[in-house]
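[1] What follows is a protein structure lacking sequence information:
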């Protein structure tokens, strides 16, 4: 089967629809009317766009491709001035102390780097709020729950044991230097 003639720019070659073969289509739909999006569709689009502007389109995520900064996450948890502990290419970590307690905020250059860090850190115990290329580390899942509501993410807990093999006591808290 050999292909028929190429359609004219903006036209078509199918007979019986909007004119003769090769005749350009009129703008818009039948009769030359320009198609308009429905009012409901337009309203829905504006609603989504307004929601994104108000919420930042995705919780703690920053611009596409870049994780939120330590400072951005800390601010959303009520920590005005995190004490930067690590400022390296692969990760940044800041300590926060608020009425909710002491916790750290860590951002990562890659998701793989975050996962490797978390795999190692879980053995030390604590509670970890894990998002895309960021982690908030606190003492308990209950401490992190309000942050989860604000930032998104998933709470994970680690299981540190004493040298004897016994589980850490429930009242154990993170030291100032951690």
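    Here it is on my side, so go on. Only a predicted model underlies this, so the values are computations on that prediction, with no experimental measurement involved.
[2] residues touching residue 103, list them.
    Contacts for residue 103 were tallied using CB atoms under 8 Å, 6 or more residues apart in numbering; they are 77, 95-96, 136-139, 143-144, 174. Every residue, glycine included, has its C-beta placed from N, CA and C.
[3] Any idea how many residues pack against residue 89?
    Residues within reach of residue 89, counting by other CB atoms under 10 Å, total 7.
[4] And the nearest residue to it once chain neighbours are set aside, how close does it get to residue 159?
    Excluding the flanking residues, the one nearest residue 89 by CB to CB, 6 or more residues apart in numbering is residue 109, at 6.3 Å. Distance from residue 109 to residue 159, counting by CB to CB, to the nearest Å: 28 Å.
[5] after the lowest-mean-pLDDT helix or strand in the chain, next one along is what?
    Ranked by mean pLDDT, DSSP states H and E, the weakest helix or strand in the chain is helix 39-55, scoring a mean of 39. Following helix 39-55 in sequence order, the next helix or strand is helix 70-76 (DSSP states H and E).
[6] Which residues are in contact with the closest residue to residue 78 other than its chain neighbours?
    In space, and not counting its chain neighbours, residue 78 is closest to residue 98: 4.9 Å by CB to CB, 6+ apart. Listed by CB under 8 Å, 6+ apart, the contact partners of residue 98 are 77-79.
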